[in-house]
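In: build the 3D model from these lines:
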Amino acid sequence: MLYGAVLNANGVLFAWMNNDYGQCGVNPEEKLEIPKPLKVSDNVKIFSCGLSHLMMVKNDDTVWGLGCNDDGNCGFALGKGKSYVPTQSEIDSAMPLGKIKDIKSGGGHNLLLTTDGNVYASGSNAQG
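Out: Numbering: from 1, shown residues only. A predicted model of the protein is given here:
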């Protein structure tokens, strides 16, 4: 079963459904049948759902992640496991501030596009 997320007009991110890795922002044992706002999910500009992790970029261009981090999916150092509390990613320390245009997440990775056309990646590199 998959999960979903939606961003409202006020920049608050909501998530629901399957939560096996905490990607919906609550304890992984809890399943959400209705959308619930994520903690520290205000001022979200863009977000992307990976297979078992969720990434968001706030208006200040900080990058946040939650869920499975087995391969660095959330942009944290390997070995930090899963997190069901949105945590600031280490990706944004390498990014130019004010330049994040888009983020896309896959099975275990993320791609961030900047306004000057550069692409930054984090997570699994199993497929090159």
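
In: name the helix or strand for Cys86, please.
Out: No Cys there; residue 86 is Pro. strand 83-88 (DSSP states H and E).

In: ok, and what's touching that strand?
Out: 19, 21-28, 38-41, 56, 62-67, 69, 74, 76 (C-beta atoms under 8 Å, 6 or more residues apart in numbering). All C-beta spots, glycine's among them, are computed from the backbone N, C-alpha and C.

In: can I have the buried ones of those as a PyMOL selection?
Out: Buried residues among those (16 or more other C-beta atoms under 10 Å), as a PyMOL selection:
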select buried, resi 19+21+22+23+24+25+26+28+38+40+41+56+62+63+64+65+66+67+69+74+76
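
In: related to what we said a few turns ago, alpha carbons only: can I get the strand holding Pro86 in CSV?
Out: The C-alpha trace of strand 83-88 is given here as CSV (Å, rounded to 0.1, in the frame of the first residue of the first chain):
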residue,chain,number,x,y,z
SER,A,83,12.8,9.2,11.1
TYR,A,84,9.1,10.0,11.6
VAL,A,85,9.9,13.6,12.6
PRO,A,86,10.8,15.8,9.7
THR,A,87,14.5,16.5,10.1
GLN,A,88,16.6,19.1,8.2
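
In: okay, buried residues for it please.
Out: Applying 16+ other C-beta under 10 Å to strand 83-88 flags Ser83, Tyr84, Pro86, Thr87, Gln88 as buried.

In: would JSON lines of those with pLDDT and distance to Ile34 be doable?
Out: Putting the buried residues of strand 83-88 into JSON lines (pLDDT from 0 to 100; distance: C-beta to C-beta, whole Å) gives the following:
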{"residue": "Ser83", "pLDDT": "83", "distance to Ile34": "22"}
{"residue": "Tyr84", "pLDDT": "85", "distance to Ile34": "17"}
{"residue": "Pro86", "pLDDT": "87", "distance to Ile34": "19"}
{"residue": "Thr87", "pLDDT": "86", "distance to Ile34": "24"}
{"residue": "Gln88", "pLDDT": "88", "distance to Ile34": "27"}
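
In: nearest to Leu2, of these?
Out: Tyr84 (17.0 Å; C-beta to C-beta).

In: all set, thanks.
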